[in-house]
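S.K.: Let me see the structure of the following:
(chains A and B)
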Protein chains: 2
Amino acid sequence: MCIVETKIFKINEPLNLESGRELKEVEVAYETYGELNEAGDNAILLLHALTGDAHAAEYHEGDAKPGWWNDMVGSGKAFDTDKYFVICSNMLGGCKGTTGPGSINPETGKEYGLTFPVITIEDVVKVQKKLIDFLGVKKLTVAGGSMGGMQALEWALTYNEMVSHVIVIASTPRLSAQSIAFNAVGRNAILSDPNFNNGNYYHGEKPEKGLAIARMVGHITYLCEEAMHEKFARRFQDKDTPNFNFDIDFEVESYLAHQGQTFVDRFDANSYLYITKAVDYFDIARKYGSLEKAFENTDARYLVISFSSDWLFPSEQSKELVGALMRNKKDVSYCEIQSPCGHDAFLLEYETQTKIIRSFLWGVNV
Amino acid sequence: MCIVETKIFKINEPLNLESGRELKEVEVAYETYGELNEAGDNAILLLHALTGDAHAAEYHEGDAKPGWWNDMVGSGKAFDTDKYFVICSNMLGGCKGTTGPGSINPETGKEYGLTFPVITIEDVVKVQKKLIDFLGVKKLTVAGGSMGGMQALEWALTYNEMVSHVIVIASTPRLSAQSIAFNAVGRNAILSDPNFNNGNYYHGEKPEKGLAIARMVGHITYLCEEAMHEKFARRFQDKDTPNFNFDIDFEVESYLAHQGQTFVDRFDANSYLYITKAVDYFDIARKYGSLEKAFENTDARYLVISFSSDWLFPSEQSKELVGALMRNKKDVSYCEIQSPCGHDAFLLEYETQTKIIRSFLWGVNV
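M.R.: Residues are numbered from 1 along each chain as shown, chains lettered A, B, ... in the order given. Here you go, the predicted model:
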């Protein structure tokens, strides 16, 4: 068992944001696994999903559970630390060490709350670029699932000269109206919670009920009907007959309540607002006029993976991305993995992903 | 333009419920269109969906809009009032004239609120049966979309001797874990609203925020990704650029907010709790051991219609029902209508449905 620590990198200049606003000070929480080579060209930047953090792999001191993508990062794994220098940082706007709405605003000495500027995936990637430069990386692979895949695409287009390989998993070139709708419901639940208090809740009761509801909605989209049926079917919780009241009745209700409750203990409601908003705004084609034009000047090799049962970012959305790359005659591999796990498959189906990713990064015979 | 009035039928005996509890007094709001023949065998009972009411067709005095299924009910329409006596009643537990949690409990003189007994689809149909008997109907067709289709199935199995034709549209033989999950989120939003006050809100502020969130979640499931994309794509509301704040940004957010807001003006939060619970409990096979056994002793003719883009009750669930009927060698017709309208298609795709339903009820050449 390897012990790893989250480190902090401080950006020593103001950060200009896509909104036109700026942040005077930004700190970035990050972890690294493996060693950077002398040429600085063996780096892999892992990009986390909505509620992830910098702790992608190995163990924190005293923890029983490893980082969120530990099955994919390490010696002999998909992101092989024998060969690669693997980096993961918490995103801008998050609540796991990187500057976000729960951080102290140096100008007021108080938490930002809703005075924190609204951020975009472009801003998030800009912060990561500063970390990568600080670490001495010259050339890198970018890889992520879900929102992490959006960041990977943003990296590839904005910092083309640095990116050799792009791995986009269970992601999309733009958020659909349906996904925006789900995020809007989640934000509404938070904003409607009387404890939300316009975002100023850091010294009192937190908007836990609203955040739990947002998380429940999210979890329905991370699974799929098939996965839910496999897991819960119509079984009652700890009994065989209906309650005939409004307490938890079915196993699936108990599961959602548990997911909601554990989430409020580990996540900040304001960060949830800011991050879902950044995701809503994501549309890789927007600045370029079309998806096809967006990928005209990219030189990286692409691997796109989708999952058959992912209905949040269904395979069609990945295929649209792959089509735009192919029409630009770019080097792209695409794989749809048959899986009953829904969107969450990118965190679960590591064996198949490992084979595909190692083959993509290392060549066919690995 | 025909004017119709909602009438009230009062059940003059206690109603025993599936939960073991009883209701001392039940009133049923209903409307009828067309005339019952002497034999009493030309009736069609329409069964409404989650938030419907007895006002299925024609106009109330002064109203600019007709009833919810007006496109399907009338002279020359799917449910042809030249030939049929069409009936629609508000369901038990509702808030549109039939006894529900917002009604006055005769024993206390106050609204029931959460003291109202939890009801099931079986209870809902039992109340309809009493209305049908009161109206002198001897033989009938039962027809409904979504939750209305569940009631049609319950009718067919419980009152087999009375039912000649069963029309089940955009429905399911049982609620899936995913659908239970969506309902649970909606109920959670209502129960979490500080104005909910344990269901006693009839004389103060209502849990409008919670009910609006429940409705928003519902609306996402009534449309489909394709329909949402067609309607809204990623267009911003009344502008071309992002807000960079948490106000309404995208058209789809504005649509959902509007749906939520208009809903709280016309629906009771307690009724929403009771009705979604009745739907959660719905599993037509439960009392019989299996779907196949459930349909062993049915004599009616069945028409099952599903819509290609309905992901709330997808075609697979209708096909399961059709399969069970076929294995029992029952008379069943099935049609999957290609439609981009999602679950809501049963309220929108009336032209195709009209042809299919008239053909089913009247014979091939109509």
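S.K.: tell me which element the residue nearest to A:Lys139 when sequence neighbours are not counted is part of?
M.R.: Computed as C-beta to C-beta, 6 or more residues apart in numbering or on different chains, the closest residue to A:Lys139 that is not its neighbour in sequence is A:Asp41, at 3.7 Å. To be clear about C-beta, it is placed using only N, CA and C from the backbone, and glycine gets the same treatment. According to DSSP states H and E, A:Asp41 maps onto no helix or strand at all.
S.K.: Not counting its own residues, what contacts the strand or helix carrying A:Val142?
M.R.: Per DSSP H and E, A:Val142 falls inside strand A:140-145. Residues outside strand A:140-145 that contact it (C-beta atoms under 8 Å, 6 or more residues apart in numbering or on different chains) are A:41, A:43-49, A:79, A:84, A:132, A:150-152, A:155-156, A:162-171, A:346-347, A:357, A:361.
S.K.: taking the mean pLDDT, what do you get for that strand?
M.R.: For strand A:140-145, the mean pLDDT works out to 98.
S.K.: Does A:Leu348 touch A:Gly342 like I think?
M.R.: No. Assessed by C-beta atoms under 8 Å, A:Leu348 is found out of contact with A:Gly342, at 9.3 Å.
S.K.: Is the residue nearest the centre of chain A in a helix, a strand, or coil?
M.R.: Centroid-nearest residue in chain A: A:Ala49, 1.3 Å away (criterion: C-alpha atoms, centre = their mean). At A:Ala49 the chain is in coil, as set by DSSP: H, G, I helix; E, B strand; the rest coil.
S.K.: For it, which non-adjacent residue is spatially closest?
M.R.: Using C-beta to C-beta, 6+ apart, the closest residue to A:Ala49 is A:Ser146 (4.0 Å).
S.K.: which residues sit in contact with that neighbour?
M.R.: When contacts are counted by C-beta under 8 Å, 6+ apart, A:Ser146 touches A:Ala49, A:Leu50, A:Ile169, A:Ala170, A:Ser171, A:Leu312, A:Phe313, A:His343, A:Phe346.
S.K.: I'd like the distance from the host helix or strand of A:Leu153 to the chain centre, please.
M.R.: Counting by DSSP H and E, the element that carries A:Leu153 is helix A:147-158. Relative to its parent chain, helix A:147-158 has a centroid offset of 11 Å by C-alpha atoms, centre = their mean, to the nearest Å.
S.K.: And the next helix or strand past it?
M.R.: Downstream of helix A:147-158, the first helix or strand assigned by DSSP H and E is strand A:163-169.
S.K.: Could you check the angle that next one makes with strand A:140-145?
M.R.: 10 degrees (axes from the mean of the first three to the mean of the last three C-alpha atoms, to 10 degrees).
S.K.: what packs against strand A:163-169?
M.R.: strand A:140-145, helix A:147-158, strand A:301-307, helix A:350-362 (3 or more C-beta pairs under 8 Å, 6 or more residues apart in numbering or on different chains; DSSP states H and E).
S.K.: And the third one, what's buried?
M.R.: Spelled out, that is strand A:301-307. Under the neighbour-count criterion of 16 or more other C-beta atoms under 10 Å in any protein chain shown, strand A:301-307 has A:Arg301, A:Tyr302, A:Leu303, A:Val304, A:Ile305, A:Ser306, A:Phe307 buried.
S.K.: Note down every partner strand of that strand and its orientation.
M.R.: Within its sheet, and counting by DSSP bridges, strand A:301-307 is paired with strand A:163-169 (parallel), strand A:332-337 (parallel).
S.K.: and the next element down the chain from it?
M.R.: Helices and strands here follow DSSP H and E; after strand A:301-307, the next one along the chain is helix A:315-327.
S.K.: The closest residue to A:Phe246 other than its chain neighbours: which element?
M.R.: Of all residues not flanking A:Phe246 in the chain, B:Leu273 sits nearest, at 6.1 Å (C-beta to C-beta, 6+ apart). For B:Leu273, the host element (DSSP H and E) is helix B:269-281.
S.K.: bridging residues for the spatially closest residue to A:Thr32 that is not a sequence neighbour?
M.R.: Using C-beta to C-beta, 6+ apart and skipping the chain neighbours, the partner closest in space to A:Thr32 is A:Ile87 (5.1 Å). On the basis of DSSP bridges, A:Ile87 is bridged to A:Thr32, A:Leu45.
S.K.: Distance of A:Ile87 relative to chain B?
M.R.: For A:Ile87, the distance to chain B equals 29 Å [C-beta to the nearest C-beta, to the nearest Å].
S.K.: any idea how far A:Asn90 is from A:Ala49?
M.R.: Computed with C-beta to C-beta, to the nearest Å, the distance linking A:Ala49 and A:Asn90 is 12 Å.
S.K.: returning to what we had before: ok, A:Leu348 and A:Gly342, which is more surrounded?
M.R.: A:Gly342 (25 against 15; other C-beta atoms under 10 Å in any protein chain shown).
S.K.: ok, that one - contacts?
M.R.: A:Tyr222, A:Leu223, A:Cys224, A:Glu226, A:Ala227, A:Phe307, A:Ser309, A:Asp310, A:Trp311, A:Leu312.
S.K.: again, 6 Å this time
M.R.: By C-beta atoms under 6 Å, 6 or more residues apart in numbering or on different chains, the contact list for A:Gly342 reads A:Leu223, A:Cys224, A:Ala227, A:Ser309, A:Asp310.
S.K.: Narrow the residues you listed to those that are buried.
M.R.: A:Leu223, A:Cys224, A:Ala227, A:Ser309, A:Asp310.
S.K.: before we move on, back to that, now do the strand holding A:Val142 against helix A:350-362, angle only.
M.R.: Using the same axes, to 10 degrees: strand A:140-145 against helix A:350-362 is 160 degrees.
S.K.: by how many degrees do strand A:140-145 and helix A:147-158 diverge?
M.R.: Inter-element angle recorded for strand A:140-145 and helix A:147-158: 150 degrees (by the same axes, to 10 degrees).
S.K.: can you pull the buried residues of the helix holding A:Leu153?
M.R.: Across helix A:147-158, burial judged by 16+ other C-beta under 10 Å covers A:Met147, A:Gly148, A:Gly149, A:Met150, A:Gln151, A:Ala152, A:Leu153, A:Glu154, A:Trp155, A:Ala156, A:Leu157.
S.K.: next one: stretch A:158-175
M.R.: Under 16+ other C-beta under 10 Å, the buried positions of stretch A:158-175 are A:159, A:162-175.
S.K.: Report the mean per-residue pLDDT for that stretch.
M.R.: 98.
S.K.: Check stretch A:313-323 too.
M.R.: The average of the pLDDT scores along stretch A:313-323 is 98.
S.K.: from the middle of its chain, how far away would it be?
M.R.: Stretch A:313-323 sits 18 Å away from the centroid of its parent chain (C-alpha atoms, centre = their mean).
S.K.: That stretch near chain B anywhere?
M.R.: No. Against chain B, stretch A:313-323 shows no contacts by C-beta under 6 Å from any C-beta of the partner chain, the least distance being 7.7 Å.
S.K.: Excluding its own residues, what touches that stretch? List them.
M.R.: By C-beta under 6 Å, 6+ apart, stretch A:313-323 touches A:Ala170, A:Ser171, A:Thr172, A:Pro173, A:Val304, A:Ser306, A:Val332, A:Tyr334, A:Glu336.
S.K.: Pipe those residues into TSV and attach distance to B:Val322 per row.
M.R.: Formatted as TSV, the contacts of stretch A:313-323 follow (distance: C-beta to C-beta, whole Å):
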residue	distance to B:Val322
A:Ala170	34
A:Ser171	37
A:Thr172	34
A:Pro173	38
A:Val304	38
A:Ser306	31
A:Val332	42
A:Tyr334	36
A:Glu336	30
